[in-house]
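Enquirer: next one to model:
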Amino acid sequence: WTTSGGGSFDDPTQVNPIYFPVYNDIANGQVELCMEGFPVSPCQVSDTDCMTLFFQEPPTIEGNQYNVICEDQFYCFDDVVATNYSSIEWTIYGDGVLDDPTIPNPCYFPGMIDLMNGSTTVTATVEPIAPCSEAISIDFLIIFEYLPTVNAGMDLTICEGDEVMLYGFSGNSSNCYWTTQGTGTFYDPNNLSTGYNPSPEDIASGMVTLCLVCEPIAPCTTTVSDCITIFIQPAPFVSAGDDMTICEDGILSLENSFAEYVSSVMWSTSGDGSFDDPTMTNPVYIPGMADVNSGGVELCVEGFPLDPCTIHATDCMLLTIQKLPVAYAGADATICEDVAYYCIEDAFAENYSEVFWNFGDGTISNPNDINPCYTPGPGDLTNGEVLLTMFALPNDPCAIGDEDGLLLTIAYLPEVFAGIDATICEGDALWLGDAFSVNSSFCYWSTEGSGFFSEITTLHTWYYPSDEDITEGEVTVCLICEPVEPCITEVSDC
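Expert: Numbering: from 1, shown residues only. Purely as a prediction, here's the structure:
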């Protein structure tokens, strides 16, 4: 044996030696190995045959593993570089989504749980190109910087000549300052707790809006502000109550609303619902269909002033309408018995707090995942099918959940029998009358010899050995059967 590279054989004089490549062989990607056979006397001409041995490099992946983005941003893995791979798969551990988990540079859109946790991890796994078998994984940490939270305080009513004391609050901000839509002055506009002295113009207008503006911490760029209105004369005061959430099948009793210094009140809605009595301070609101479809409605109470006040007071609350959960387990599917697992890719759920799956005697990748992968168990394979049921639990305050089932049918591989080994006399044909097959879509015969079949696609047929078959003294014939979809593995018997 000889090599075009720098490697060595354990014994170059053996017919079947072992070759040990060196670094340069692998770096070149291939090496040619040649075997020369020397003649037996009196022959003088030797014979040479060569083969090319190719080397497949293992997969690699790299990129920035520590990344910080703002809560209102998404992150694209533009700097990730993967080489020598057959496929790539991204795995998420939060509730965000990837626009395409099968490409090297997807974009990740964080979910609410990711933002609540403050960070999430996304793992990329590259599968090797055969014959390499070891996959490579790398974790990418995404940390979220939050936008500023700003509270400028509550609306206030002051008498003419009074000063306004401001007690603002902010979190996750780099710098905050007060602004006015009037012409008054602040004691210190850069202090969260400060005072405001209305100008004559503010007093003449009867009100002034003061805003607390906060700048974010990098990499966030969105400035957040919150404003309050200062009433500078006696005026009615009304409160619609705190924002509330009800289920789509419920009604709202506005028990926490109140009014002061009013001659009367009037409730209004931005939706299509109705009040049992819109002139009461604490009415009952019955949402309409448009309210439910939009997911919420603004309810406002207006207070009409007492003499001599002329300014009406209005306050609104946001009524959020939580929809009932919807579960869809996906379309019924069929897999082959030799498929290790089935991933439910078309299932979805809406308006849920949690999902879980009920299944057969197999195993599921994550029973709380909307799109898990299911590995059938022995009972499932015996039964030929299994019902996978998704249960969607409601979000508060709803109490009714939803469920949906997917029937996973398991198709069997063909069973093939070509018959028992047989002996025939020279000049006779072989009758293949014992052959049978089940769970197959199509069968045909093949021979390792050079004879022929009377009908190659018929289970029971004649085989006529050739002169070469007779000379060899034996021949192998095989029955090969194609499976029924979705199975793809041929099964044969010889």
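Enquirer: beta partners of Pro305?
Expert: Taking DSSP bridges as the rule, Pro305 bridges to Val262.
Enquirer: tell me the spacing between it and Ser205.
Expert: To Ser205, Pro305 is 17 Å away according to Cβ to Cβ, to the nearest Å. Every residue, glycine included, has its C-beta placed from N, CA and C.
Enquirer: again, but for Lys323
Expert: On the measure of Cβ to Cβ, Lys323 and Ser205 end up 43 Å apart.
Enquirer: between those two, who's got more neighbours?
Expert: More crowded of Lys323 and Ser205, by other Cβ atoms under 10 Å: Lys323, with 17 against 14.
Enquirer: next, the contact list for that one, please.
Expert: 248, 292, 295, 350-351, 398 (Cβ atoms under 8 Å, 6 or more residues apart in numbering).
Enquirer: so which of those is the most crowded?
Expert: Highest neighbour count within these, by other Cβ under 10 Å: Cys398, with 22 neighbours.
Enquirer: circling back to that earlier point, narrow the contacts of Lys323 to those in strands?
Expert: Of the positions in these, Glu350 sit in strands, assigned by DSSP state E.
Enquirer: of the contacts of Lys323, which is the nearest to Thr221?
Expert: If you rank these by distance to Thr221 using Cβ to Cβ, Gly295 comes first, at 28.2 Å.
Enquirer: before we move on, which element is the residue nearest to that closest one when sequence neighbours are not counted in?
Expert: Leaving aside its chain neighbours, Gly295 sits nearest to Ile321 (5.9 Å; criterion: Cβ to Cβ, 6 or more residues apart in numbering). Element membership of Ile321 [criterion: DSSP states H and E] is strand 313-322.
Enquirer: please compute how far that strand lies from its chain's middle.
Expert: Mean C-alpha position of strand 313-322 versus that of the full chain (Cα atoms, centre = their mean, to the nearest Å) differs by 34 Å.
Enquirer: now swap in stretch 116-126 and tell me
Expert: 12 Å.
Enquirer: then stretch 264-274?
Expert: Averaging C-alpha positions (Cα atoms, centre = their mean) puts stretch 264-274 41 Å from its chain's average.
Enquirer: ok, residues contacting stretch 471-491?
Expert: 334-338, 411-418, 430, 432, 435, 437, 439-449, 451, 453, 459, 463, 465, 469, 492-494.
Enquirer: contacting residues around the spatially most central residue of the chain?
Expert: Most central in the chain under Cα atoms, centre = their mean is Val97, positioned 4.6 Å from the mean C-alpha point. Applying Cβ under 8 Å, 6+ apart, we find Val97 in contact with 108-109, 111.
Enquirer: now it: how far from Phe140?
Expert: Taking Cβ to Cβ, one finds Val97 at 15 Å from Phe140.
Enquirer: check Asn358 too.
Expert: 34 Å.
Enquirer: out of those two, which sits in the busier spot?
Expert: Using other Cβ under 10 Å as the criterion, Asn358 and Phe140 rank with Phe140 on top: 19 against 13.
Enquirer: hang on, the earlier thing: the contacts of Val97 in strands, which ones?
Expert: Those of those lying in strands (DSSP E): 108-109.
Enquirer: let me have the contacts of Val97 in a markdown table, adding distance to Asn24 and neighbour count as columns.
Expert: Shown next, in a markdown table, are the contacts of Val97 (distance: Cβ to Cβ, whole Å; neighbours: other Cβ atoms under 10 Å):
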| residue | distance to Asn24 | neighbour count |
| --- | --- | --- |
| Tyr108 | 41 | 24 |
| Phe109 | 47 | 13 |
| Gly111 | 50 | 15 |
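Enquirer: just the pLDDT for the residue nearest to the centre of the chain.
Expert: Here, the pLDDT recorded for Val97 equals 93.
Enquirer: may I have the beta-bridge partners of it?
Expert: Counting by DSSP bridges, Val97 is bridged to Phe109.
Enquirer: Phe258 now?
Expert: The partner residues for Phe258, given DSSP bridges, come to Ser239.
Enquirer: verify the stated contact: it with Ala240.
Expert: No: using Cβ atoms under 8 Å, Phe258 is not in contact with Ala240, being 9.1 Å away.
Enquirer: for these two, indicate the residue with more neighbours.
Expert: Per other Cβ under 10 Å, whichever of Phe258 and Ala240 has more neighbours is Ala240, with 23 against 18.
Enquirer: which residue packs closest to the more buried one, ignoring adjacent ones?
Expert: Met317 (3.9 Å).
Enquirer: next, count neighbours for the one you found.
Expert: 20.
Enquirer: and for Cys43?
Expert: 9.
Enquirer: start from the N-terminal end of the stretch 1-150 of the chain and give the helices.
Expert: Assigned by DSSP state H, counting those that start in this stretch, the helices in the stretch 1-150 of the chain fall at 23-28, 112-117.
Enquirer: TSV for the ones you listed, including mean neighbour count?
Expert: TSV is the format used below for those (neighbours: other Cβ atoms under 10 Å):
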stretch	mean neighbour count
helix 23-28	13
helix 112-117	14
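Enquirer: make JSON lines out of these and add mean pLDDT.
Expert: Listed next are these as JSON lines, based on pLDDT from 0 to 100:
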{"stretch": "helix 23-28", "mean pLDDT": "85"}
{"stretch": "helix 112-117", "mean pLDDT": "92"}
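Enquirer: which one of these lies nearest to Asp47?
Expert: helix 23-28 (25.0 Å).
Enquirer: count the neighbours of the closest residue to Gln30 other than its chain neighbours for me.
Expert: Nearest non-adjacent residue to Gln30, counting by Cβ to Cβ, 6+ apart: Phe54, 4.7 Å away. Phe54 sits with 8 neighbouring residues when counted by other Cβ under 10 Å.
Enquirer: tell me the pLDDT of the nearest residue to Phe144 once chain neighbours are set aside.
Expert: Closest residue in space to Phe144, ignoring its immediate chain neighbours: Glu71 at 5.0 Å, by Cβ to Cβ, 6+ apart. Predicted confidence (pLDDT) for Glu71: 90.
Enquirer: what about Glu71, neighbour count?
Expert: Neighbour tally, Glu71, other Cβ under 10 Å: 16.
Enquirer: measure it to Met112 for me?
Expert: Counting by Cβ to Cβ, the gap from Glu71 to Met112 is 10 Å.
Enquirer: same question, Asp369
Expert: Using Cβ to Cβ, Asp369 is found at 16 Å from Met112.
Enquirer: where's the spatially closest residue to Ser253 that is not a sequence neighbour relative to Ser257, distance?
Expert: If the residues on either side of it in the chain are set aside, Ser253 comes closest to Val284, at 5.1 Å by Cβ to Cβ, 6+ apart. Look at Val284 and Ser257: by Cβ to Cβ, they are 11 Å apart.
Enquirer: show me which of these two is the more surrounded one.
Expert: More crowded of Val284 and Ser257, by other Cβ under 10 Å: Ser257, with 21 against 14.
Enquirer: quick revisit: tell me the one of the contacts of Val97 nearest Gly29?
Expert: Of all the contacts of Val97, Gly29 sits closest to Tyr108, with 35.1 Å by Cβ to Cβ.
Enquirer: quick one, what contacts the closest one?
Expert: Applying Cβ under 8 Å, 6+ apart to Tyr108 gives the contacts 74-77, 92, 96-98, 122, 142.
Enquirer: could you check how far it is from Ser454?
Expert: 63 Å.
Enquirer: the residue nearest to Ala240 contacts Val238, doesn't it?
Expert: No: using Cβ under 8 Å, Met317 is not in contact with Val238; the gap is 10.9 Å.
Enquirer: and the residue lying closest to Thr91 once chain neighbours are set aside, how many neighbours?
Expert: Nearest residue to Thr91 in three dimensions, chain neighbours excluded: Thr123, at 4.4 Å (Cβ to Cβ, 6+ apart). Neighbour count of Thr123, defined by other Cβ under 10 Å: 13.
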